[in-house]
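Trainee: Next one to model:
(one chain, ligands or ions: 1)
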Amino acid sequence: MLSKKVEKALNDQVKMEGNSSNYYLALACWADMNGFSGVADFMYKQSDEERFHMLKLMKYVIERDGEVVVPAYDQPKVNITTATGVFQDLYKHEIAVTESINKLVGICLSENDYTTHNFLQWYVSEQLEEEATAKTILDKIKLMGDDKSAWYHFDRDIAGLTVTSIADPGQKA
Ligand code: OFO
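Mentor: Next comes the predicted model:
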């Protein structure tokens, strides 16, 4: 059984993951409208993954006899003019999600809810991996600069990009 505090915090995270899915959808559309079809595919997939994160939380709340609130989405605030800007914004976004997960983990500890704490370790690892991916992409972009042919190859190859964090050796569920 979940405490009311943990139940509310999990529902807040449900909303954040749903908004995150919508945020990636907005980035996908920007990329699609601006000729970066590989980047768009990457973002569409990421949007699906965020929806999966939301559903996983919802199912957990239900399994623990809690009440799930299906969230209304906020319109994503994406103010992007360049492909570099897409990835800079994405990195900031993932850092904010990590902070939110860390806060949620802290609430579980303060409520002595070790089961939910254990469940959330999957999200802790996931955030580690997503931040590492975003950082790797930003490093590549820095190297590419304005080299159009490098951008062409980057856009072609990004859909297949997977980065595993050094702190998470193949533990993905
Ligand atoms: Fe939900 O994984 Fe990052 O944001």
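
Trainee: Grab the nearest non-local neighbour of Asp155.
Mentor: Leaving aside its chain neighbours, Asp155 sits nearest to Gly38 (4.0 Å; criterion: CB to CB, 6 or more residues apart in numbering). No exception for glycine: its C-beta is placed from N, CA and C like everyone else's.

Trainee: Against which helices or strands is the particular helix or strand that has that neighbour in it packed?
Mentor: Element membership for Gly38 (DSSP states H and E) is helix 37-63. Using 3 or more CB pairs under 8 Å, 6 or more residues apart in numbering; DSSP states H and E, the elements in contact with helix 37-63 are helix 4-33, helix 83-110, helix 114-144, helix 148-157.

Trainee: what about 6 Å?
Mentor: In terms of contacts (3 or more CB pairs under 6 Å, 6 or more residues apart in numbering; DSSP states H and E), helix 37-63 is packed against helix 4-33, helix 148-157.

Trainee: For the ligand, which of those is the nearest?
Mentor: Nearest to the ligand among the helices and strands packed on helix 37-63 is helix 4-33 (4.5 Å), distances taken as CB to the nearest ligand atom.

Trainee: Tell me the buried residues in the closest one?
Mentor: 6-7, 9-11, 13-31 (16 or more other CB atoms under 10 Å).

Trainee: Any residues of the protein in contact with the ligand? List them.
Mentor: Contact residues (CB under 6 Å from any ligand atom) of the chain with the ligand: Glu17, Ser20, Glu50, His53, Glu94, Val97, Glu126, Gln127, Glu130.

Trainee: Let's have those residues in TSV, adding distance to Leu2 and pLDDT.
Mentor: Converted to TSV, the residues of the chain next to the ligand look like this (distance: CB to CB, whole Å; pLDDT from 0 to 100):
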residue	distance to Leu2	pLDDT
Glu17	17	97
Ser20	22	96
Glu50	23	96
His53	18	96
Glu94	26	97
Val97	21	97
Glu126	21	95
Gln127	22	96
Glu130	26	94
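
Trainee: Can you give me every residue that contacts the closest residue to Cys29 other than its chain neighbours?
Mentor: Among residues not flanking Cys29 along the chain, Ala40 sits closest, at 7.7 Å (CB to CB, 6+ apart). Contacts of Ala40 were listed using CB atoms under 6 Å, 6 or more residues apart in numbering, and they are Ala28, Ala31, Asp32.

Trainee: Which of the residues you listed lies at the shortest distance from His117?
Mentor: Nearest to His117 out of the contacts of Ala40 is Ala28 (CB to CB; 33.0 Å).

Trainee: what residues are up against the closest one?
Mentor: Residues in contact with Ala28 (CB under 6 Å, 6+ apart) are Ala40, Met43, Tyr44.

Trainee: I'd like the distance between the residue nearest to it when sequence neighbours are not counted and the ligand.
Mentor: Of all residues not flanking Ala28 in the chain, Met43 sits nearest, at 3.5 Å (CB to CB, 6+ apart). Between Met43 and the ligand the computed distance is 12 Å (CB to the nearest ligand atom, to the nearest Å).
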